[in-house]
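1. I would like to see how this sequence folds:
(chains A, B and C)
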Amino acid sequence: MTISIQRLAQTVLLSATALACTVGIANADCGIKSGRVSIVGNEFPAIKTVAANAATCATSAVEVKSNLTADHQKINLAGMSGNPAEYTSAVIATSSIVALLNEGVIRPLDELVAAHGQDIPKNRLVTIDGKVMAVAFMANAQHQVYRKDVLEKVGVQPPKSYEEMLAAAEKIRAAGIMQYPVGGAYAAGWNLGQEFVNMYIGMGGEFFKPGTAEVAVNNDQGVAALEMMKKLTGYMNPDYLTHDSNATSAEWEAGNVALMNMWGSRTGVLVDTEGSKPEVYENTMVGAPMTVGGGAIPATTLWWDGWTVAKNISDADAEATFIAMKRGSGPEILNDATMREAVWMIEGYKPAPINEGVMQTMTMGAKPYPMLPYMGLLHTALGDNIADFLTGKEDAKTTLADIEAAYTAAAREKGFLK
Amino acid sequence: MTTRIADRRPPALLIALNGFLVVWLVIAAFPFLWTFWGSFKVEGDFFSKADWMNAITGPLTTAETGSSFTATGYVGAWVQEEFWRAALNSAIVVVSVVCISLTFGTLGGYALARSSYRYAFWLLLVALVFRAMPPVTLVSGYLLPFFEWNLWGHLPTAIIVLVAINQPFTLWMLTSFFRNIPKDLDESAMVDGCSRFQAFRYVIIPVMWPGVITTGLFSFLLAYNDFAVTAMLLSKENQTMIPKIASFLGTTQTKGNVMFAVSSVVSVTAPLFVLVMFFQRQIVSGLTAGAVKG
Amino acid sequence: MKHRTFFWFFLPSAAAMFLFIALPIVSVLMQSVFAPHQQVVREVENCSVFGCTKTTTVDLAATAALREAEPLGRFVGGSIYTDRNHLAFSEVAVLASTADGISTFLDGLLNLPFYGALLFTLTYTLVVTPLSILLGFVVALAVNAVPRFLRGPMIFVSLLPMIITPLVGALILFWMVDARGVLGALIQSLAGDPNLSVKASTPLMWAMLMVYGIWSSAPFAFVVYYAGLQTVPQDTLESAMIDGASRWERIRYVIVPHLLPLTTFMALIKIMDNFRVFEPIVSFNASAHAQSLSYFIYSDLGGETRLLSSAAATSVLTILGVVVLLSPVLVRTWKTYGRGAA
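-> Down below sits the predicted model:
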C-alpha cells in the first residue's frame, strides 16, 4: 500500500522535474498498422480528453471512434458481448469493472503490456488474481472541503473527524452564520448508498462474511454509521435527500454551506471564479478525509478510472486498442488545460493545491471501494432503503434488516446465494 | 357558429372562463418564459441557490460577462458543440417516423375500421396491451440482438423502433377516425368496379387528411421528444437533439454546459411553434372528424 | 372486408409490432422465469495503485459448461415474481400471521418495496388521470369561447407543458420548487412558513409530483376536447335552446354525451401512461419519498449489476396491472364495438 503511494509520488515528482512538454492535439503516429478502436465510457471532461487523444492514432487504416454517454453502463456489456464486439474498449471505474468481469467480456492484458506497455508504470496496472485487467489513468476520492473564513470566524480548526465536524457545525449555527452549515451528496439512490459505504468503512465494518456473498451490515457498526449520518443531516438543508453531487456543489457555490465531504473531481469548479462570489471561491479549501467513531481508517473510499480491452475482438484490433488507449492516457495528454481536469495517475502530473485532498486520502491509508462481484447489488439496496431511517419512518435495525433482505433477494436471483 | 353561441354567454360566465384561461395560460407558459429569460444568463444566476431574484436581475451575469444578457449558451450549443448536427439528425428521424408511422397506420387503421369481424377488435386490444409494456424494458431488450446483428447505432434502426412503439397509439387514433368516414363512400366505389385498394387510394385518401395530420402531430411529438429509444440506440455521430441536450447535462454537470442545455431547449421549441401555428386549423378539423366516436 | 384484403392492409403495421413489441414481450416473459446460473465465487488478490486487497471474483471457467448447456439460464419458475423485492408472498404471509391489527399489517405491507410503490402508483394514476382530463376539458371550453384570431397562440401556449422535453423541463422545475427557488419562495409565502420545503416532506413531494403530472398531461386532453367541441352538432344545440334548455342542461345532455367517446379514449391512454410513471421521480430525485413500478425497472436496469430477471418480472406485473385497471373501460369499448360493427 504505502509502497505504491510512494511510487506514485515519485513518478509525479520525477516527471515534474523532467521535461514539461505540452502537446496540443495533433495526429500522431502511434505505430498501429491497422485495426479498429471503439471506446465506450462515461461522459465527463477527463474521459473526453482520453478519448480525444486516443483518436489522434487514427489513420487511413486505423479507425478510432468513441461513444461517451451517461448511459454507458447500460450499453457497455451488451456492446462487448457480441462477436466481434462493437466496443473494443470500455472506460470504467472501480465499481463498474465488476459487471464486465462477471460476464467475462474483457481480456487479460499481460501479453499486450509485455509487448507494448513496458513503459506504463506498474502501479497503474489493475490486476486481479495476478492478471492485468485494466489500466488506470485517474484517481478520485471523497474528502473534506471547508470554508476557511467561516471556520476562522468561529475559531475552529478544520475537523479531523465527523464528531469534530458536528461540533464545528453547531458553533457555526450558534454564531448565526449559517443555519445549515453541512453539505453532502445524500440524494436517495446511489449517492446515499455511497455515503453509508464511507461511514461504515470508517466505523471499521465489513460488508460481507469473509469470502462469501452473505451480507453482514446489520450490526453495531451499521447502526453507528446510520446514527452518525442522521446527526449530520440535522445540520443539512432539509432537502438533503434530493441533493446529488451537482446540487451539493450548487449549494456550496451559493455560499450556503461551510463543511462537506465531496468528490475530489468536483472541487476544481468550486474554486474557479465562475458561479460564485469571491468570498466563497477564495476561501474554499480542501483537507484530508475525516475519520469517525475513533477509527484510524478515514470514512471514505478510493476510486480509480481506467480502461479495458474487449475479449471478443481480433488480436489485431486488441493490439490497436491497447496502443491507442495507452496513447490516450499517456504523458503526452497533459497540458495546462487538461492538468486540472482530474487527479491523473499519469507521469508528469502536477497536482494543484485543490487536488491535495485526493493525495492526502491516499496517504492516510483509505480503503479502495470494494471490488466485489455482488457489491453493486448491496449498494443499490443501501441507496433504496436508508432514506426510511433518515426521515424517521423506521429505526436503524429495521432499516438494516430491510437492506439485508432486499440484497439477499437480488443476490439469489443473480445466483450469488442459494 | 361557435362565435354566435359565445356571444350569448352570460357575462359572469364569460368573465369566469376568461379569468380561468388567463390563470391557465400563465401556469402553462411560466416555466417556458422563465427558461427563455434565463437562457440569456449564466448558470450561477439561472440556477441560483442563493436567491431566485438572481435569475431575473443577473448579478453574476454582469460580473462574469460585463452585460446583463449573454448569448454564450446559444453560441456554445450551436457553434462550439455543433448542435445543428443533432438538429439535422432529429429532422431525419422525425420526418421518417411520421411518414412511416402514418403509412403503416392508415393502412392498418383503415382495415381495422372496415372489418366487421371480431378479430379486428381483438387486434386493437392486443395493440393496447403492447402499449402497456414499459419502453425501458423494450429498449434494454433490443440492445443485445442489435449489437449482435450490427444494427445498433444507425438512424434507420431508431426510426423503425419508434414507428413500432408508436403503432398502437396511431392505430387507435386512425381506426376511430376511419370509422367516422361513411362506409358508403368506398363501398359505392367498389360497386363501380374499384378494388379495395383503389377505393382506398382514390376515395379515402382525399378525405382522410385532417385525421392523419392530427395523428401525425402526436407521432411528431413522440419522435421529437423521445429520449429512451434514441439515447440508447444511437451512436454519437447519429445523436438526435434530446440525447444531445442530455449530454450537455452529463452525469457530473460541467460548468457552462448546463446553459447549453437550457438554450437548446429554448431553440428546440421554436420549430414547434411554427408547426402548431401552421397546422392549428388542421389539428382541429382533424380531430373533428376523427376521434368523435372514440 | 375480406380476410385476405384485411391481411395485406394490416401486414406492415402488424409486422412492425410483432418484431419490435411482441417478440421482446416473449423474451421478457422468458427472462422473468430464467435467472442467471449459480455463480462460483473464488477468493483472489486484487492490486491497484491503492495497494493489494483480498477480494472475490466470479470463476467463469467453472460456470462455462453450465452456461453452454443451458444458455437461457436457470429455470426458477415464478420464484422471482414471489420474492421479497416483488410480490413477497412469504413475507406477506408472515405479516398476516404475526401482525396484531390491520394497521401494523398495513405498515409492514407498505414497507415492502412492491406494495409501497403500488400505493404511490395507484394514487398517482387515480388522481392525475381524472384531474388532467377535467383541466383539459375546462381549458378547451375556455379557449373555445375566445375570438378566433386569438385561438392559435393560445393553443400553442396551452401545448407548451406537453412539448417541452421532460428532461430539462423537470430540471428547471426542480430548481424552481427548491426552498430558495421562485416557486418554493411563493409556496412559503402563501403558507406563511419560511422553513417550508417541498422536497423535504413526503406528502408535499407526492403533491408536487401529481401537480407536475396534471400540468404536463392536461394539454393532451385539451387538444382532443377542443377538437371535439368543434363538432358538437349545432342543430341539436339550437333545437335544445328552442325547447328552452338551460345552459347547464345543454352541456349535460348535448355536449357531454358528444364528448364521452373521446373521454374513453383518453382515459385508456392516460391510465396507461400514468401507471407507468417514473420520469418525474427520476428528474425530481424523489425516490426517497415516492417510488413506482417503472422506477424499479429503471433502477434494476441502471444499477452497477443489472437485474434483468427482476426488471422482466416487474414489467410483466406492470402489464398485468394496466390490464386490470383498463378492464372496465375495455369492457365498455367491447360493447360499443359490437354495436358499431353490427
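2. any idea how far the nearest residue to B:Pro59 once chain neighbours are set aside is from B:Phe69?
-> Distance criterion CB to CB, 6 or more residues apart in numbering or on different chains; nearest residue to B:Pro59, sequence neighbours excluded, is B:Asp45 at 6.9 Å. Backbone N, C-alpha and C define where each C-beta goes, glycine included. Distance, B:Asp45 to B:Phe69, using CB to CB, to the nearest Å: 11 Å.
3. Common neighbours of those two, please.
-> Common contacts of B:Asp45 and B:Phe69 (CB atoms under 8 Å, 6 or more residues apart in numbering or on different chains): B:Gly58, B:Thr61.
4. Tell me how chain C divides into domains.
-> With domains defined by automatic domain parsing, chain C comprises C:58-111, C:116-341.
5. and B:Asp45 and B:Phe69? which has more neighbours close in?
-> B:Asp45 (28 against 12; other CB atoms under 10 Å in any protein chain shown).
6. Identify each of the strands in the chain and give its residue range.
-> I went with chain A, as the question did not name one. Applying DSSP state E to chain A gives strands spanning A:35-41, A:62-68, A:89-93, A:125-128, A:131-147, A:182-183, A:259-263, A:284-287, A:301-307, A:343-344, A:367-368.
7. nope, chain C
-> Going by DSSP E, chain C shows strands at C:34-35, C:41-48, C:51-58, C:74-75.
8. Reformat those strands as JSON lines; add mean pLDDT and mean neighbour count.
-> Converted to JSON lines, the strands of chain C look like this (pLDDT from 0 to 100; neighbours: other CB atoms under 10 Å in any protein chain shown):
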{"stretch": "strand C:34-35", "mean pLDDT": "93", "mean neighbour count": "22"}
{"stretch": "strand C:41-48", "mean pLDDT": "90", "mean neighbour count": "18"}
{"stretch": "strand C:51-58", "mean pLDDT": "90", "mean neighbour count": "18"}
{"stretch": "strand C:74-75", "mean pLDDT": "92", "mean neighbour count": "13"}
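9. For the ones you listed, give me CSV that also has distance to chain A.
-> Output for the strands of chain C, formatted as CSV (distance: least, CB to the nearest CB, whole Å):
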stretch, distance to chain A
strand C:34-35, 5
strand C:41-48, 4
strand C:51-58, 3
strand C:74-75, 7
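10. now for those strands, which one comes closest to A:Ala254?
-> Nearest to A:Ala254 among the strands of chain C is strand C:41-48 (36.5 Å), distances taken as CB to CB.
11. quick one, which of the strands of chain C is nearest to B:Ala55?
-> strand C:41-48 (44.2 Å).
12. Phi and psi next, for B:Trp78.
-> Per-residue torsions, B:Trp78: phi -80, psi -40 (degrees, to the nearest 10).
13. Can you give me the neighbour number for it?
-> 17.
14. follow-up on the earlier one: ok, which of the strands of chain A comes nearest C:Leu307?
-> strand A:89-93 (19.1 Å).
15. in the closest one, what's buried?
-> Neighbour-count burial for strand A:89-93, counted by 16 or more other CB atoms under 10 Å in any protein chain shown, picks out A:Ser89, A:Ala90, A:Val91, A:Ile92, A:Ala93.
16. got a list of what the fourth one touches?
-> If I follow you right, that is A:Ile92. A:Gly41, A:Asn76, A:Leu100, A:Ala134, A:Asp305, A:Gly306, A:Trp307, A:Thr308.
17. In a markdown table, list those along with neighbour count.
-> What follows is the contacts of A:Ile92, written out as a markdown table (neighbours: other CB atoms under 10 Å in any protein chain shown):
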| residue | neighbour count |
| --- | --- |
| A:Gly41 | 25 |
| A:Asn76 | 29 |
| A:Leu100 | 22 |
| A:Ala134 | 27 |
| A:Asp305 | 28 |
| A:Gly306 | 26 |
| A:Trp307 | 28 |
| A:Thr308 | 27 |
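18. right, and C:Thr236 touches C:Val254 too?
-> Yes - the criterion here is CB atoms under 8 Å, and C:Thr236 meets it with C:Val254 at 5.5 Å.
19. which of these two has more neighbours?
-> C:Val254 (18 against 15).
20. hang on, the earlier thing: out of the strands of chain C, flag the one nearest A:Lys33.
-> Comparing those by CB to CB, strand C:41-48 comes nearest, at 31.5 Å.
21. starting at the chain centroid, how far to the closest one?
-> Mean-position distance between strand C:41-48 and its chain equals 43 Å (CA atoms, centre = their mean, to the nearest Å).
22. Tell me which residues touch the residue in the stretch 51-200 of chain B positioned nearest to chain A, please.
-> The stretch 51-200 of chain B approaches chain A most closely through B:Leu143 (3.8 Å), counting by CB to the nearest CB. Neighbour list for B:Leu143: A:Lys74, A:Ile75, A:Ala78, A:Gly79, B:Trp152, B:Met232, B:Leu233 [criterion: CB under 8 Å, 6+ apart].
23. Now, those residues that are in helices?
-> A:Lys74, A:Ile75, A:Ala78, A:Gly79, B:Met232, B:Leu233 (DSSP state H).
24. Get me the contact residues on the stretch 1-150 of chain A for chain B.
-> A:42-45, A:65-71, A:74-75, A:78-79, A:81-82, A:85-86 (CB under 8 Å from any CB of the partner chain).
25. Look up how far A:Leu382 lies from the spatially closest residue to A:Phe389 that is not a sequence neighbour.
-> Distances taken as CB to CB, 6+ apart place A:Thr399 nearest to A:Phe389, at 4.0 Å, with adjacent residues excluded. With distances taken as CB to CB, A:Thr399 is found 10 Å from A:Leu382.
26. again with B:Thr137
-> 24 Å.
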